[in-house]
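Peer 1: task: produce atomic coordinates for the following.
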Amino acid sequence: MGMAGVILAAGESTRMGRDKALLPWPPESHPSRKEREKTGAHASGIGSGVGTILSSAIRALSQVCDMVIVVAGNNEQALEPVVYGGGAFLVRNLHPQRGQFSSLQTGLRDVLNRGWDSAMVTLVDRPPAAAETLRGLLSAFGDRGHRVWAVVPEYQGKHGHPILIGREMIEAFLRPPAMSNAREIEHANQERIAYVAVDDPMVAVNVDTPEEYEKHALGFRL
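Peer 2: Reported below is the predicted structural model:
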């Protein structure tokens, strides 16, 4: 079963104050925020040998997918070294101001153009799920019946990412206009989605602010 990985990374990261894709990860290898402020260091991870959330996501998806596509926006040039250094492909959303759904459509069109019918889609605003979680989701997707178009992880009642979608769900996401909302399409196709309970909090984590990043980095170290 062929599977393409898709990482949506075209956001402006306005609440974070810097590109979330380039935040250092895993956290053991980077200084705390206070230490960075003291030294004036910027947590880009470029040229420092430190991994980033994006490079970690590429590495995680590459273990279970045949290829990985990263959707960038105005940050395309900044992401290029990480994307190509990780052996992934880069596609640009020419209109990132239209929102995340337009990036999803950009990535899914690229999936179809490259000849794949299934995709594992995740967001760059969260650290990657554990390898065993991804393998479990892939197994559930492979075992799904023909009436199931997507597999979504669920942690303690919260739906998360990555989501695994087949050709039918890809087409369902591509039909609406770019300003649509992915949740609306998922809700309209609720009976076609299988929710899989996982013991991995990372699937439901959001890292939108410096405080959230520090919280989850501390949790990871502990």
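Peer 1: need the residues that contact the helix ranked longest in the chain.
Peer 2: Looking across the chain with DSSP state H, the single longest helix is helix 100-113. Applying C-beta atoms under 8 Å, 6 or more residues apart in numbering, the external contacts of helix 100-113 come out as 4, 6-8, 10-11, 69, 71, 73, 89, 91-96, 119, 121, 123, 170, 173-174, 176, 178-182. Just so you know, the C-beta spots here come from the backbone N, C-alpha and C atoms, and that holds for glycine as well.
Peer 1: pLDDT on that helix, on average?
Peer 2: For helix 100-113, the mean pLDDT works out to 96.
Peer 1: and the helix or strand just after it, what does it pack against?
Peer 2: Going down the chain from helix 100-113, the next helix or strand is strand 119-123, by DSSP states H and E. When contacts are defined as 3 or more C-beta pairs under 8 Å, 6 or more residues apart in numbering; DSSP states H and E, strand 119-123 sits against strand 4-8, helix 53-62, helix 100-113, helix 131-142, strand 163-165.
Peer 1: redo these as a markdown table? Include distance to I193.
Peer 2: Formatted as a markdown table, the helices and strands packed on strand 119-123 follow (distance: least, C-beta to C-beta, whole Å):
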| stretch | distance to I193 |
| --- | --- |
| strand 4-8 | 17 |
| helix 53-62 | 20 |
| helix 100-113 | 16 |
| helix 131-142 | 11 |
| strand 163-165 | 9 |
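Peer 1: for E211, which of the ones you listed is the nearest?
Peer 2: Judged by C-beta to C-beta, the one of the helices and strands packed on strand 119-123 that comes nearest to E211 is helix 53-62, at 16.0 Å.
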